[in-house]
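*Asks:* Based on what follows, work out the 3D shape:
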Amino acid sequence: MSAYLDHAATTPMRASARAAWIEQSERGGNPSSLHTSGRAARAVVEESREEIAGALSARPSEVVFTSGGTEADNLAIKGTYAARLASVGARRLVVGGIEHHAVLDPVEHLVKAQGAEVTWLEPDRCGHILVDDLRAAITPVLASANSANSADGANSADGADGADAGGVAVVSVMWANNEVGTVQPVAELAAVAREAGVPFHTDAVQAVGQLPVDFAASGADLMTVSAHKVGGPVGVGALLARRDARLVPLVHGGGQERQVRSGTLDAAGIRAFAVALTEAVAERDVEAKRLTVLRDRLIGSALGLELGISVSGCWTEGDATDRLPGNAHLLVPGCEGDSLLYLLDAAGVECSTGSACQAGVPQPSHVLLAMGYPEAEARGALRLSLGHTSTDGDVDAFLAALPGVVERARRASGAA
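*Replies:* Numbers count the residues shown, from 1 in each chain. Here you go, the predicted model:
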C-alpha cells in the first residue's frame, strides 16, 4: 500500500462524508423543484448551507455554492472585476505573486481579453505578502478614499468606491500557500483594502481545516473554499461573499445561487461537503498538533540525512501558525523534481512537485521563483503534504526511500 503524502492536492474522503453522500444520492430530487422530492432536497441544501456557514463564521446567505475552488476563484476575480468596471471604472487588479493558477489564470485572461492592469505583490523569502507592500500598491486609492471620506464626514465603502473611479477593482491574496504552506496576515491585508474601499478576496482552500478560518473576523469580502481538501467529494465548493459584494455572474441559467451562479445544485455533494467540513473544523486543533509533530519529524529527519536538502520558505519547529501544519516543502540539490516524484512513486510514496508543465517541458515553480529561489534550485522541489489519514508509517516510508531515490535522481541528472 502506498504512503500517500499529497493531501494538498486532494485528501481521501472521510467515512462520514461518504456515508452522507451515498444516503442523499439515493434520495434524488432537484432542489429547485417544487414537488416533495425537490423540497426535501432543498431542505438538505439549506441545512448544509447553515452548517458550512457556522463552521466558517459566516451567514448562510453568504455561502454561494460552486463546482469547486477553481470556479469560486474565477467568480471572485472575474465577477468582481466586471462589477467594479461597470460601477466605478476600476480596471486594476492587485494580486499576490504566489497565488494558485485558479487566480493567476483569470487575472491573465482579464489582462489579455479586457485590458485589465495588474500590480503583482511579490513575497519575501518566506513567502509572506507584506502589508506595507499592499498599502503602497493602493496608496493613490487610499489617499483618494480618505479625502472623499473627510469631505463626506463618513468612512463608508460607498464613499471610497466613488473616489476609486479608474482605480483598483479587487485585491486577491491567498490565506495559505498551496506549495510552501506560508500563512498570510489576511486580516491585516483585508483591513488595508477595506480602508481604500476595495473588495478583498482570499483563497482559503488550503487553510480551512488546518487553521482557524473565521470569515466574519477576517474582514475579507470574498473567500474561496473547496470540499475535497477537507475530506469531502471532488466537484463541490463555495465562494463566501458578503451580502453587499457586487458580482457579475459568469454562468447564466436559473440563477440558483443569489443570481450570481446558475446550475442545478448537487444536494448529495453539498451534504457531504458540510459533513466533512464540520468534522474537519471540530478536529482541527487536535489534528493540527498531530500533523505538526509528523511534519517536523519528516523535515528534521530529511535534513539529517546529509543529502544537502533544505526547506523552502521558513520553518520553525512546533509552529503551526506561520506555516501550514501539514506542509513540508523540500529542495533537493542536483535533482529534477519530476525524477524524484517518479522514483518515489515507484518506491510506494506518493507526493508532488511544485513544477508545471508547459509544451511538454517541466517548468520550475512560479512560487519559488517569486520567493527569490534560483531556477536551478527551484527545479529540485518536493511537496509532501499531510492530512487526516497520515501516519508515522507514511513518514517512515518516505524517509526510508529518500536516500536511494536521491542517489538515482542525481545519477540521472549527471550530478552524482
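*Asks:* all strands for the stretch 51-200 of the chain, in order.
*Replies:* 63-66, 92-96, 117-121, 168-172, 200-203 (DSSP state E, counting those that start in this stretch).
*Asks:* Mean neighbour count, those: which tops it?
*Replies:* Highest mean neighbour count of the strands of the stretch 51-200 of the chain: strand 200-203, a mean of 29 (counted as mean count of other CB atoms under 10 Å). C-beta here means a position set from N, CA and C on the backbone, and glycine is covered the same way.
*Asks:* continuing past it, what's the next helix or strand?
*Replies:* Next along the chain after strand 200-203, taking DSSP states H and E as the criterion, comes helix 215-218.
*Asks:* C-terminal to that following helix, what's the next element?
*Replies:* Next along from helix 215-218, by DSSP H and E: strand 222-226.
*Asks:* could you say what helices and strands the helix or strand that that following strand is followed by packs with?
*Replies:* Following strand 222-226 in sequence order, the next helix or strand is strand 237-241 (DSSP H and E). If contacts are counted by 3 or more CB pairs under 8 Å, 6 or more residues apart in numbering; DSSP states H and E, strand 237-241 sits against strand 63-66, helix 69-74, strand 222-226.
*Asks:* Provide the strand pairings for the shortest one, with the direction of each partner.
*Replies:* The strands beside strand 63-66 in its sheet (DSSP bridges) come out as strand 237-241 (antiparallel).
*Asks:* Quick one: mean pLDDT for the strand it pairs with?
*Replies:* The pLDDT scores in strand 237-241 average 98.
*Asks:* And the helices in the stretch 1-150 of the chain?
*Replies:* Counting by DSSP state H, counting those that start in this stretch, the stretch 1-150 of the chain has helices at residues 15-25, 36-55, 69-74, 80-88, 101-114, 131-137, 139-152.
*Asks:* Is it possible to get a markdown table of the strands of the stretch 51-200 of the chain that adds mean pLDDT and distance to Thr139?
*Replies:* Listed next are those as a markdown table, based on pLDDT from 0 to 100; distance: least, CB to CB, whole Å:
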| stretch | mean pLDDT | distance to Thr139 |
| --- | --- | --- |
| strand 63-66 | 98 | 32 |
| strand 92-96 | 98 | 11 |
| strand 117-121 | 97 | 11 |
| strand 168-172 | 98 | 11 |
| strand 200-203 | 98 | 16 |
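*Asks:* Most tightly packed of the helices and strands packed on strand 237-241?
*Replies:* By mean count of other CB under 10 Å, the helices and strands packed on strand 237-241 have strand 222-226 as the most buried, with a mean of 30.
*Asks:* quick one: contacts of that one?
*Replies:* Contact with strand 222-226 is made by 52, 56, 68-69, 72-73, 76, 80, 102, 175, 199-205, 208, 213, 215, 236-242, 245, 277, as judged by CB atoms under 8 Å, 6 or more residues apart in numbering.
*Asks:* Need the strands of the stretch 51-200 of the chain in TSV (columns: distance to Ala346).
*Replies:* Shown next, in TSV, are the strands of the stretch 51-200 of the chain (distance: least, CB to CB, whole Å):
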stretch	distance to Ala346
strand 63-66	37
strand 92-96	35
strand 117-121	38
strand 168-172	38
strand 200-203	33
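*Asks:* right, and those - which one's nearest Ala40?
*Replies:* strand 63-66 (17.4 Å; CB to CB).
*Asks:* Would you check how far apart the residue nearest to Arg261 when sequence neighbours are not counted and Leu75 are?
*Replies:* Using CB to CB, 6 or more residues apart in numbering and skipping the chain neighbours, the partner closest in space to Arg261 is Val64 (5.5 Å). Per CB to CB, to the nearest Å, Val64 is found 8 Å from Leu75.
*Asks:* same question, Gly38
*Replies:* 25 Å.
*Asks:* Looking at the two now, which is surrounded by more residues?
*Replies:* Neighbour comparison, Gly38 and Leu75: the larger count goes to Leu75, with 26 against 16 (by other CB atoms under 10 Å).
*Asks:* Would you check that the more buried one makes contact with Leu240?
*Replies:* No - here Leu75 does not reach Leu240: they are 11.2 Å apart, not a contact under CB atoms under 8 Å.
*Asks:* shared neighbours, the two?
*Replies:* Common neighbours of Leu75 and Leu240 (CB under 8 Å, 6+ apart) are Val64.
*Asks:* low pLDDT regions in the stretch 1-150 of the chain?
*Replies:* 141-150 (pLDDT under 70).
*Asks:* go with 90
*Replies:* 1-2, 28, 139-150 (pLDDT under 90).
*Asks:* Might one say that the residue nearest to Arg261 is in contact with Gly255?
*Replies:* No - using CB under 8 Å as the test, Val64 is too far from Gly255 to be in contact (11.4 Å).
*Asks:* To what extent is Gly263 buried, counted in neighbours?
*Replies:* A count of nearby residues for Gly263, using other CB under 10 Å, gives 17.
*Asks:* where's it, which helix or strand?
*Replies:* Using DSSP H and E, Gly263 falls outside every helix and strand.
*Asks:* was I right about it contacting Gly254?
*Replies:* Yes - Gly263 is in contact with Gly254 according to CB under 8 Å; the separation is 7.2 Å.
*Asks:* now that we're looking at Leu265, how far away is Glu51 from it?
*Replies:* 15 Å.
*Asks:* If you could redo that for His366, that was the one I meant.
*Replies:* Noted for His366: a distance of 36 Å to Glu51, by CB to CB.
*Asks:* Convert stretch 256-273 to PDB, retaining C-alpha atoms only.
*Replies:* What follows is stretch 256-273 as a C-alpha-only set of coordinates in PDB (Å, rounded to 0.1, in the frame of the first residue of the first chain):
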ATOM      1  CA  GLN A 256     -30.000  29.400  -8.300                       C
ATOM      2  CA  GLU A 257     -27.300  31.000  -6.100                       C
ATOM      3  CA  ARG A 258     -28.100  34.600  -5.400                       C
ATOM      4  CA  GLN A 259     -28.400  35.200  -9.100                       C
ATOM      5  CA  VAL A 260     -24.600  35.100  -9.400                       C
ATOM      6  CA  ARG A 261     -24.200  31.400 -10.000                       C
ATOM      7  CA  SER A 262     -26.600  29.200 -12.100                       C
ATOM      8  CA  GLY A 263     -26.800  25.500 -12.300                       C
ATOM      9  CA  THR A 264     -28.700  22.600 -10.600                       C
ATOM     10  CA  LEU A 265     -27.300  22.200  -7.100                       C
ATOM     11  CA  ASP A 266     -25.600  18.900  -6.200                       C
ATOM     12  CA  ALA A 267     -27.500  18.100  -3.000                       C
ATOM     13  CA  ALA A 268     -25.500  14.900  -2.300                       C
ATOM     14  CA  GLY A 269     -22.200  16.700  -2.800                       C
ATOM     15  CA  ILE A 270     -23.200  19.700  -0.700                       C
ATOM     16  CA  ARG A 271     -24.400  17.400   2.100                       C
ATOM     17  CA  ALA A 272     -21.100  15.500   2.100                       C
ATOM     18  CA  PHE A 273     -19.200  18.900   2.000                       C
END
